[in-house]
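[1] mind looking at a prediction? Sequence and model below.
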Amino acid sequence: MGKIKVTEDCNGIAGLKVIEPSVFGDERGYFMETYNYNDFKEAGIDCEFVQDNQSASKKGVLRGLHFQINYPQDKLVRVVNGEVFDVAVDLREGSETFGKWFGVTLSAENKKQFFIPKGFAHGFVVLSDYAEFCYKVTDFYHPNDEGGLLWKDPEIAVEWPMPEGMTEADLTLSDKDKVWGGIKEYVAAKAK
């Protein structure tokens, strides 16, 4: 492997991986491979990514916690401008860590990537003035297949860091993200 460093101890949640690429820099700037199938396969990430996405958000935007219901996706996420706190919540049936979360700071500066397998809800909050977020996914987006969890569900209890100078009341969320149910509602709906 050698070209990437992979951390798998993500709060004891199996499947999540933080990836740090090798960065080669000099007075001109830097070079790094952001994805190499062979290196990722050796690290246990053997996926066929079918779509690349990119979003831009201002400070205090919180997106999540999202998942696709019938067409789940593996995701490989990174930040190319700015800084976010990125979160994954385990929703895999029968998982010992069901309902547990893990978060990692991703930034253009640290160049870390976060691999989130199928069966997780995902979201992030922008900590810098502006952030550009890129992610690869293993299934196409299906607009009628969206699911979500309330970002501040007390049962999950994500410890979201607040952007400097902001409070929870200052965060910007979509209308959907303001009203998703919590994990108890998610479990009840799955049981029907």
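    Noted; the coordinates are in hand. Residues are numbered from 1 along each chain as shown.

[2] and the contacts of stretch 5-14?
    16-20, 22, 43-44, 88, 90, 95, 97, 100-102, 104 (C-beta atoms under 8 Å, 6 or more residues apart in numbering). Placement of C-beta: from N, CA and C, glycine included.

[3] of those residues, buried ones?
    Using 16 or more other C-beta atoms under 10 Å as the burial test, those include 16-19, 43, 88, 90, 97, 100-102, 104 as buried.

[4] give the residue farthest from the middle of this structure.
    No residue in the chain sits farther from the centre than residue 27, which is 32.2 Å out by C-alpha atoms, centre = their mean.

[5] pLDDT, secondary structure and distance to residue 72 for the buried ones among the contacts of stretch 5-14 - can I get that in CSV?
    Compiled in CSV, these are given as follows (pLDDT from 0 to 100; DSSP: H, G, I helix; E, B strand; the rest coil; distance: C-beta to C-beta, whole Å):
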residue, pLDDT, secondary structure, distance to residue 72
16, 97, coil, 15
17, 97, strand, 17
18, 97, strand, 21
19, 95, strand, 20
43, 91, coil, 20
88, 98, strand, 13
90, 98, strand, 13
97, 97, coil, 17
100, 97, coil, 18
101, 98, strand, 17
102, 98, strand, 18
104, 98, strand, 21
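
[6] what mean pLDDT does the longest helix belonging to the chain get?
    With secondary structure taken from DSSP state H, the chain has its longest helix at helix 183-191. Helix 183-191 shows a mean pLDDT of 91 in the predicted model.
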